[in-house]
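*Asks:* Give me coordinates for this.
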Amino acid sequence: MRTIEQVQEFYHSTLVDRLKSLETLRKSIRNRTILAVALIALPFIALFAIPNGSTDPKAGLAMFGAIACVIAGIVIIIITKRKRREYRAEYKSKVVAEIVKMVDDSWNYQPDGRIGEHEYRASDLFRQSVDRYTGDDLISGKIDKTDFRCSEIHSEYKTYTTDDDGKRKEEWHTIFKGLFFHADFNKHFTARTYVVPEVRGGLKLFSSVGGMSRRGDRVKLEDPEFEKNYEVFSTDQIESRYILTPAIMQAMTAIKKELNTSVYFSFIDERVYCAMFFNKNLFEPRIMKSGVNFEDIEKMYKLFATNALIINELNLNTRIWTKD
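*Replies:* Numbers count the residues shown, from 1 in each chain. Just a heads-up that it's a prediction; the model follows:
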């Protein structure tokens, strides 16, 4: 894995030219987007100035012009959507893929791949039924002896409400949005152990379906700093303490501080699962601002390096156990 200094050197020697070559396309998409929004929005603003019931021929002409502007705006949006896909594909192949290689050139990166829904469910972290499941930026590979898979995931469920006119309205709610990771722990667990944020909101999300009783009992541990950040539940108190050694608890505290977000873990069968919440898409190109920016590259590199951070911090390559 490269140092930040090496990443910065690669950025200036290689990535800057690639990003500059994409700027023409980005600016074209940005300008078309602004034009489309203006064409759709401004006619509606202008129509408010026309008195209700006006018979002035100019009012009819203004109405016709407004409709034409809206249609033109919609057409531009459709064309721009294709250009966005083109820009995204170029950015992923010329920039994001190279950043992944900077972390580890043996990893497999699939821009449109994702962690499977069955893998997400296997973590047993979020039991709310899923009505829409999307994701991208799948990375799979090995760090030393430990295999892993990681991608962005957005899981949602829907509800229905009825407005004042009696019309049924569909509403979407996020269950999880962020980076989802799982790796081999080299130990087959007979129990299930969950480590969740010590915040009421995170705990509520974790227990929203199924309740705590089906996740085992609360486990009290001897690390005050760890207990400030996490709560632990397990179906086997002894095995949970076997897993959560002082070193692993310190590692989990370090991961929480490094990422500065809500982090969930579960230990099930022979895998450790980790869900890291982020409220935005992490590896998508920006449209409204220049992509020639080292800060964006640095953030991306650090997020991809999280795979190594988790495996190294949890000491997964030290094979102190053998699988049963």
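*Asks:* Low-confidence stretches in this protein?
*Replies:* Flagging of the chain using pLDDT under 70 yields the residue ranges 43-64, 199-214, 317-324.
*Asks:* Residue ranges of each domain in it, please.
*Replies:* Domain assignment of the chain by automatic domain parsing yields the ranges 1-103, 107-324.
*Asks:* those strands in the chain, which residues are they?
*Replies:* For the chain, the strands defined by DSSP state E cover 108-110, 132-143, 146-162, 168-184, 193-197, 217-219, 230-234, 263-268, 271-277.
*Asks:* and residue 315, which of these is closest to it?
*Replies:* Shortest separation from residue 315 across the strands of the chain is recorded for strand 146-162, at 10.0 Å, computed as Cβ to Cβ. In short, each C-beta sits where N, CA and C put it, glycine included.
*Asks:* one step back: want to throw the domains of the chain into a markdown table with mean neighbour count?
*Replies:* Listed next are the domains of the chain as a markdown table, based on neighbours: other Cβ atoms under 10 Å:
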| stretch | mean neighbour count |
| --- | --- |
| domain 1-103 | 14 |
| domain 107-324 | 16 |
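*Asks:* gap between residue 93 and residue 68?
*Replies:* In this view, residue 93 and residue 68 are 39 Å apart by Cβ to Cβ, to the nearest Å.
*Asks:* From residue 74, how far off is the closest residue to residue 229 other than its chain neighbours?
*Replies:* The shortest distance from residue 229 to any non-neighbouring residue, by Cβ to Cβ, 6 or more residues apart in numbering, is to residue 256 (5.0 Å). Computed as Cβ to Cβ, the residue 256 to residue 74 distance reads 45 Å.
*Asks:* before we move on, what about residue 19?
*Replies:* 31 Å.
*Asks:* between the strands of the chain, which one is nearest to residue 40?
*Replies:* From the strands of the chain, taking Cβ to Cβ, the stretch that ends up closest is strand 168-184, at 22.4 Å.
*Asks:* Just checking: what are the partner strands of the closest one?
*Replies:* Taking DSSP bridges as the criterion, strand 168-184 pairs within the sheet with strand 146-162 (antiparallel), strand 271-277 (antiparallel).
*Asks:* Can I get those in a markdown table including distance to residue 83?
*Replies:* Formatted as a markdown table, those follow (distance: least, Cβ to Cβ, whole Å):
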| stretch | distance to residue 83 |
| --- | --- |
| strand 146-162 | 23 |
| strand 271-277 | 31 |
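*Asks:* Out of these, which gets nearest to residue 197?
*Replies:* Using Cβ to Cβ, the nearest of those to residue 197 is strand 271-277, at 8.9 Å.
*Asks:* any residues touching the closest one, and which ones?
*Replies:* Strand 271-277 has contacts (Cβ atoms under 8 Å, 6 or more residues apart in numbering) with 122-123, 125-126, 176-185, 259, 261-267, 306, 310, 314, 316.
*Asks:* got the CA coordinates for it in PDB?
*Replies:* The C-alpha coordinates for strand 271-277 follow below in PDB (Å, rounded to 0.1, in the frame of the first residue of the first chain):
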ATOM      1  CA  ARG A 271     -17.100 -14.000   8.700                       C
ATOM      2  CA  VAL A 272     -16.800 -10.600  10.300                       C
ATOM      3  CA  TYR A 273     -19.200  -8.000   8.800                       C
ATOM      4  CA  CYS A 274     -18.800  -4.300   9.000                       C
ATOM      5  CA  ALA A 275     -21.300  -1.600   7.900                       C
ATOM      6  CA  MET A 276     -20.000   2.000   7.800                       C
ATOM      7  CA  PHE A 277     -22.600   4.700   7.300                       C
END
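*Asks:* which residues touch residue 316?
*Replies:* 146, 183, 184, 185, 186, 272, 310.
*Asks:* Oops, could you answer that again for residue 283 instead?
*Replies:* Taking Cβ under 8 Å, 6+ apart, one finds 92, 96, 136, 137, 152, 300, 303 in contact with residue 283.
*Asks:* swap the cut-off to 7 Å and go again
*Replies:* 96, 137, 300 (Cβ atoms under 7 Å, 6 or more residues apart in numbering).
*Asks:* Also residue 28?
*Replies:* Going by Cβ under 7 Å, 6+ apart, the list of residues near residue 28 reads residue 83.
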